[in-house]
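**Q** Sequence plus the predicted model coming up.
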Amino acid sequence: MGSRRQARELALQMLYQHELTGEPVSAIVENFEEWRRSSPAVQEFATKLVDGTLEHVEEIDGVLSRQTAHWRLDRLAAVDRNILRLALFELLHVAGTPPAVVINEAIEIAKKFGSADSGRFVNGVLDGFVKRKVPRG
């Protein structure tokens with residue numbers, strides 16, 4: 001597994017635990033064995049994803065609400081919701097990774113951590129966002 005995939009998976013796990021428990025991310029990291037075993041580069045990218053997602057969560061949830069018009073955010077599975085938040089943060093605020101790569105990574109992570117339908121659902125939401133997104137300029 002590549003370091004960016006590992007970072008995305010760690011970020012998902014931290015966001016998921018943060019959402020469910022309300023614990024600060026710093027406390028989650030202290031007890032997270034996979035975090036301690038990961039390289040500094042993985043930790044750095046995971047931290048960037050988690051901190052950025054939490055910093056922009058209102059904006060991201062607004063985008064997500066528009067993309068999932070027939071679903072309230074609280075009705076989405078927590079894993080799917082956090083995968084989508086991470087991917088949307090990366091699409092909106094992290095330069096350098098092509099949208100197709102971000103979407104593919106999110107799909108693969110959804111297949112690993114979500115339900116049988118999570119990969120298709122995540123693909124549909126993110127693909128719809130990218131197709132509707134007005135280019136910045």
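**A** Received it, and whenever you're ready, just let me know what you need.
**Q** List the buried residues in the lengthiest helix in the chain.
**A** In the chain, with assignment by DSSP state H, the single longest helix is helix 3-21. Buried positions in helix 3-21, judged by neighbour count with 16 or more other CB atoms under 10 Å: 4, 6-19. C-beta here means a position set from N, CA and C on the backbone, and glycine is covered the same way.
**Q** and the residue nearest in space to the middle of the chain, what does it touch?
**A** With distances taken as CA atoms, centre = their mean, the residue of the chain nearest its centroid is Leu86 (2.0 Å). Residues touching Leu86, when contacts are defined by CB atoms under 8 Å, 6 or more residues apart in numbering, comprise Arg8, Ala11, Leu12, Leu15, Leu49, Thr53, Ala106.
**Q** cool, and Arg85?
**A** When contacts are taken as CB under 8 Å, 6+ apart, Arg85 is in contact with Leu15, Thr53, Val57, Ile60, Asp61, Leu64.
**Q** how about those residues in a markdown table, adding distance to Lys131, secondary structure and pLDDT?
**A** Written out in a markdown table, the entries for the contacts of Arg85 read as follows (distance: CB to CB, whole Å; DSSP: H, G, I helix; E, B strand; the rest coil; pLDDT from 0 to 100):
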| residue | distance to Lys131 | secondary structure | pLDDT |
| --- | --- | --- | --- |
| Leu15 | 25 | helix | 97 |
| Thr53 | 22 | helix | 97 |
| Val57 | 23 | helix | 96 |
| Ile60 | 18 | helix | 96 |
| Asp61 | 20 | helix | 94 |
| Leu64 | 15 | helix | 93 |
